[in-house]
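>>> got a structure for you, letters missing:
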């Protein structure tokens, strides 16, 4: 068994145990393997171990990897874009990815809608929320999320699915839960306002257990699967 296959087993067990602790079905939580900075070969090893959904933060790297994996005869995978979106990169995202987790501006959503090829299924999207209010963090402020969600929900070629956040890191389990609770409560508020949502993208390698306890439906896990990253791309 490869190291990546072993790591996937370990992470899957963490997800299963956390879901059971939270009195949830493990099937309610999707594992998104974050393959940014890792080569296509690492993705292929994960695919051989049964993984099908992968997340990328850098547009060109992600597109190159999508094409390389496809050329190597891999069965269709689900590719999620989870990084910051620049206006000049929306076409590449719209044409190559299945999901986008990081919409924070109406302009970006409109460009993705306009540039999504009609031959493809609608782009599945989440709105990124800055739950901690940090100036350095991406995301719409919670008070502005409802208006943006309503706008995004009307755009053709997009399917609004939910909310995403990257809270300020915390070591304590209860502090981690409290940070994720902010997004869950906002999610519930938007649903109560009539916005159709079914996805909470939150939780990474260090805090996925807390995120699952607070209702995460997608956890974005990279280093616990692929190992430590070498950040030489941007």
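Received the coordinates, thanks. Predicted model only: the values in this text are computed from it and were never measured. Residues are numbered from 1 along each chain as shown.

>>> Spatially, what comes nearest to residue 77 if we skip its sequence neighbours?
What sits nearest to residue 77 in space, not counting adjacent residues and going by CB to CB, 6 or more residues apart in numbering, is residue 52, at 5.6 Å. All C-beta spots, glycine's among them, are computed from the backbone N, C-alpha and C.

>>> And the pLDDT at that neighbour?
pLDDT recorded at residue 52 is 97.

>>> Need phi/psi at it.
phi -130, psi -20 (degrees, to the nearest 10).

>>> What's the local residue count around it?
Neighbours of residue 52 under the rule other CB atoms under 10 Å: 15.

>>> right, and it touches residue 80 too?
No: contact criterion CB atoms under 8 Å: residue 52 and residue 80 do not qualify, at 11.2 Å.

>>> isn't residue 133 right next to residue 141, touching?
Yes: Residue 133 lies in contact with residue 141 (CB under 8 Å); the separation is 7.2 Å.

>>> Against residue 89, how distant is residue 140?
From residue 140 over to residue 89 the distance is 19 Å, taken as CB to CB, to the nearest Å.

>>> quick one: low-confidence parts of the protein?
Applying pLDDT under 70 to the chain flags residues 230-234.

>>> now the helices: where do they sit in it?
Assigned by DSSP state H, the helices in the chain fall at 3-21, 40-48, 59-71, 90-96, 106-115, 142-153, 173-192, 208-213, 223-226.

>>> As TSV, the ones you listed with distance to residue 28 would be great.
Below are those laid out as TSV (distance: least, CB to CB, whole Å):
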stretch	distance to residue 28
helix 3-21	7
helix 40-48	21
helix 59-71	26
helix 90-96	27
helix 106-115	27
helix 142-153	22
helix 173-192	13
helix 208-213	9
helix 223-226	20
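
>>> Let's have those helices in JSON lines, adding mean neighbour count and distance to residue 126.
Formatted as JSON lines, those follow (neighbours: other CB atoms under 10 Å; distance: least, CB to CB, whole Å):
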{"stretch": "helix 3-21", "mean neighbour count": "16", "distance to residue 126": "19"}
{"stretch": "helix 40-48", "mean neighbour count": "18", "distance to residue 126": "22"}
{"stretch": "helix 59-71", "mean neighbour count": "17", "distance to residue 126": "16"}
{"stretch": "helix 90-96", "mean neighbour count": "19", "distance to residue 126": "13"}
{"stretch": "helix 106-115", "mean neighbour count": "18", "distance to residue 126": "11"}
{"stretch": "helix 142-153", "mean neighbour count": "17", "distance to residue 126": "9"}
{"stretch": "helix 173-192", "mean neighbour count": "17", "distance to residue 126": "10"}
{"stretch": "helix 208-213", "mean neighbour count": "24", "distance to residue 126": "14"}
{"stretch": "helix 223-226", "mean neighbour count": "20", "distance to residue 126": "21"}
